[in-house]
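> give me the fold of what follows.
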Amino acid sequence: MNCRIRHCIFAFVFLCCLPLFVVSPGVTAAEEYSFDLDDFEKKPLEWGGHFELQWSGMDLNQDGALYKLEYFDDPRETLNRFSTTLQFDGSLQEENASFNWLLQVSASQDEIDYEETADFLEAYARFTPSPTMTLNIGKKNYKWGKGYAWNPASVIDRPKDPNNPEDALEGYTGFAVDLVKSFDGAMQTVALTTAFIPVTDDLNDDFGETGKNFATKLYLLYKDTDIDFIWFNGDSRPQTFAVDFSKNLATNFEIHAELAHTPEQKKKILSDDGTVDIQEIADTSYLLGLRYLTESDITTIVEFYHNGDGYSQDEMDRFYQLATDAHDEFADTGNKSALSQAKNLAQEGYGRSQSGKNYLYIKITQKEPFDLLYTTPGIIATVNLEDHSYTLSPEITYTGMTNWESRLRFTYLEGSRFSEYGEKQNETKVEMRIRYFF
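Here you go, the predicted structure:
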């Protein structure tokens, strides 16, 4: 029995049987509740976080273009990875000032490599000289945008991982001022945020080219509708204009949208003759989404994402052909020059997640189905609407033990030759994650 079938069977059996072992620690005895005002007072020092253990096993796609670029000199069928992560967050409050941090330490080991990192994802001071003004100095994640899986309007944040969009992201170091004013009437709140992000050889060097950058967001709460107008201008990235909104049409039904326009930016494109051209393009990206909760606690999130900076199907076909030809040349002659060119193109855009034009994202979860306490099954699908390839990820989460959370997820990738998910490094992936919160 090959590894892919074993992983499929393991994931299916575990997903089906895990609820049978769910035992509610609170169904056999009545709980006593108490109320203490001291528990609700804000303390000067607050902290928390989680410790995580994770294992993942992948069946590799040996016919995939991205597999060939990564494992051309070390072919293998499977890859297992073990990782640990400690995430520690907190704040120290003193009158109108506070210091806030989010520290993450992680280590991972697979059959090829060992990697460890330790970094402050956030570390910034916040000053509130008046109820209408806040100053933030340091490393911060601003979390602009209304989308769940993607945020085209988030011009000064790192991109989310659509497979784990709720995971913490590393921020950038800078300075920001928030001005807020509330009103009576249809216009309930107006807020203006201005952020300054410098880039040097030693500071925010992965944000872009060296220079100064400014971003402004005007937030409006108008008739219970959240609206943002965003503008970015600087030396490190092209000028961008963006707008987003979210609206609750009912207590259980929310819609949201984002749009970002970049008038001029450079883009590397592989031409028919194998040369790489740098073209000036205008980029308009947008997202439309909704979130719906049923009476039976089924939550559905649907988002359509148009990536204006993505590659067309013909452009992706040329890249996949280049990678395939480069691998064949290496196998015949040992020459790695074409492989190096293809790997550079993959790192610069062709191999990134969601490198195409149009995507559909669907996530459906149900809390405690069939009275299975503390159990939340779900399924996630991401579809490339241009080449019709997709990923499908059933998962189940269990929180029946105090401060503990366990999640099992199985991901299946499907696509034809020269399609995005048909050319990825892996065909399937099983992930088991256990978190302890403190």
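> so what sits opposite Tyr436 in the bridge?
Counting by DSSP bridges, Tyr436 forms beta bridges with Phe51, Trp404.
> that one: neighbouring residues, count only.
14 (other CB atoms under 10 Å). No exception for glycine: its C-beta is placed from N, CA and C like everyone else's.
> again, but for Gln321
15.
> how about the nearest residue to it, chain neighbours excluded?
Leaving aside its chain neighbours, Gln321 sits nearest to Phe418 (7.4 Å; criterion: CB to CB, 6 or more residues apart in numbering).
> the stretch 251-400 of the chain: strands as residue ranges?
253-270, 276-293, 298-306, 358-366, 375-384, 390-398 (DSSP state E, counting those that start in this stretch).
> before we move on, back to that, surely the residue nearest to Gln321 and Phe319 touch.
No. If you go by CB atoms under 8 Å, Phe418 and Phe319 don't touch, sitting 9.1 Å apart.
> secondary structure class for the residue nearest to Gln321?
The three-state assignment at Phe418 reads coil, by DSSP: H, G, I helix; E, B strand; the rest coil.
> repeat for Ala153
coil.
> where does the stretch 1-150 of the chain have low pLDDT?
1-41 (pLDDT under 70).
> what do you get if the cut-off is 90, keeping everything else the same?
For the stretch 1-150 of the chain, applying pLDDT under 90 flags the ranges 1-43, 73.
> ok, the nearest residue to Glu170 once chain neighbours are set aside - contacts?
Spatial nearest neighbour of Glu170, excluding adjacent residues (CB to CB, 6+ apart): Leu121 at 4.5 Å. For Leu121, the contacting residues are 102-104, 139, 141, 168-171, by CB atoms under 8 Å, 6 or more residues apart in numbering.
> spatially nearest residue to Lys336 (excluding sequence neighbours)?
Closest residue in space to Lys336, ignoring its immediate chain neighbours: Phe330 at 5.9 Å, by CB to CB, 6+ apart.
> shouldn't the one you found be in contact with Leu339?
Yes. In this structure Phe330 lies within contact range of Leu339 using CB under 8 Å: 5.4 Å.
> what do the two both touch?
What both Phe330 and Leu339 touch, as defined by CB under 8 Å, 6+ apart, is the set Phe72.
> if you count surrounding residues, which of these two has more?
Neighbours were counted for Phe330 and for Leu339 using other CB under 10 Å; Leu339 has more, 20 against 17.
> for the residue nearest to Lys336, give me its contacts.
Phe330 makes contact with 72, 336, 338-339, according to CB under 8 Å, 6+ apart.
> pull the most distant pair out of those.
Using CB to CB, the two most remote members of the contacts of Phe330 are Phe72 and Ala338, lying 10.7 Å apart.
> hang on, the earlier thing: I'd like the strands of the stretch 251-400 of the chain laid out as a markdown table, including mean neighbour count, mean pLDDT and distance to Arg126.
Formatted as a markdown table, the strands of the stretch 251-400 of the chain follow (neighbours: other CB atoms under 10 Å; pLDDT from 0 to 100; distance: least, CB to CB, whole Å):
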| stretch | mean neighbour count | mean pLDDT | distance to Arg126 |
| --- | --- | --- | --- |
| strand 253-270 | 17 | 95 | 26 |
| strand 276-293 | 15 | 95 | 29 |
| strand 298-306 | 18 | 98 | 31 |
| strand 358-366 | 18 | 98 | 32 |
| strand 375-384 | 20 | 98 | 34 |
| strand 390-398 | 19 | 98 | 33 |
